[in-house]
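**Student:** A structural model of the following input is requested.
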Amino acid sequence: MPCPNKKIPEPLREGLMECFEAVVALAPPEQRSQLVLRTEDIDIAAPASVISVVLNAIIDGTAGFTLESDAKVAYDCIAGFRIRVDFLEIGAGIIDQIHGIQPLGNGSVASLADLMLLRATTVIYRGDDGDIWDLQWLFSEVARSGVLLPPIGEEELQNLCRAGERCLGKCGLLFFAAILGEGNPVAASKLLDI
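**Tutor:** Alright, predicted model coming up:
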């Protein structure tokens, strides 16, 4: 995820997309759209069955991929550098669901709203400076583009508000009430009563 003060160099951006496309190519065509690029640092979310197919192909020796000693997957880009890939199972804790996706090559990318919700959870559970910068950047992008959140659950709402308050202070709750929009009227009303 981009830091507000840094731009991803073109060779790295191309390598990240090359890596994502190479992972997507390992899944059967009818399952490829289920591989969702979560952030620009190659976190790929998918159902367990799709991750299993991809990992089996890597274990079987697909060119360009390595299973490292820490059980992480690495991809060697044509440009000569290595990218590490994290697979996140949808429905198994951190990512219970992805509300919206957009096509990206033969796979998909998570919506801006989903990226913000996921990063808010990361800020709550890990919360290093990079996570906070990412979330602040996502807040600004959501505000700039006028994105409204899809209906979200109580836990996602609590994580978003806790992370937002950490990054934006109490006035951040007004921002969240606005982006909760029509999909979450009860939650938006609750925030305004606080």
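**Student:** what about the helices in this structure?
**Tutor:** 10-25, 48-59, 112-125, 129-145, 154-168, 172-180, 185-193 (DSSP state H).
**Student:** Only alpha carbons, please: show the third one as CSV.
**Tutor:** C-alpha atoms of helix 112-125 as CSV (Å, rounded to 0.1, in the frame of the first residue of the first chain):
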residue,chain,number,x,y,z
LEU,A,112,-11.1,0.8,-1.7
ALA,A,113,-13.6,0.3,1.1
ASP,A,114,-12.4,-3.3,1.7
LEU,A,115,-8.8,-2.1,1.8
MET,A,116,-9.7,0.5,4.4
LEU,A,117,-11.6,-2.0,6.5
LEU,A,118,-8.8,-4.5,6.3
ARG,A,119,-6.1,-2.0,7.1
ALA,A,120,-8.2,-0.7,10.1
THR,A,121,-8.1,-4.3,11.5
THR,A,122,-4.3,-4.4,11.0
VAL,A,123,-3.9,-1.1,12.8
ILE,A,124,-5.9,-2.5,15.8
TYR,A,125,-3.9,-5.7,16.0
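**Student:** angle of that helix against helix 172-180?
**Tutor:** Put simply, helix 112-125 runs at 150 degrees to helix 172-180, going by axes from the mean of the first three to the mean of the last three CA atoms, to 10 degrees.
**Student:** now the fourth one
**Tutor:** With the same axes, to 10 degrees defining the directions, helix 129-145 sits at 50 degrees from helix 172-180.
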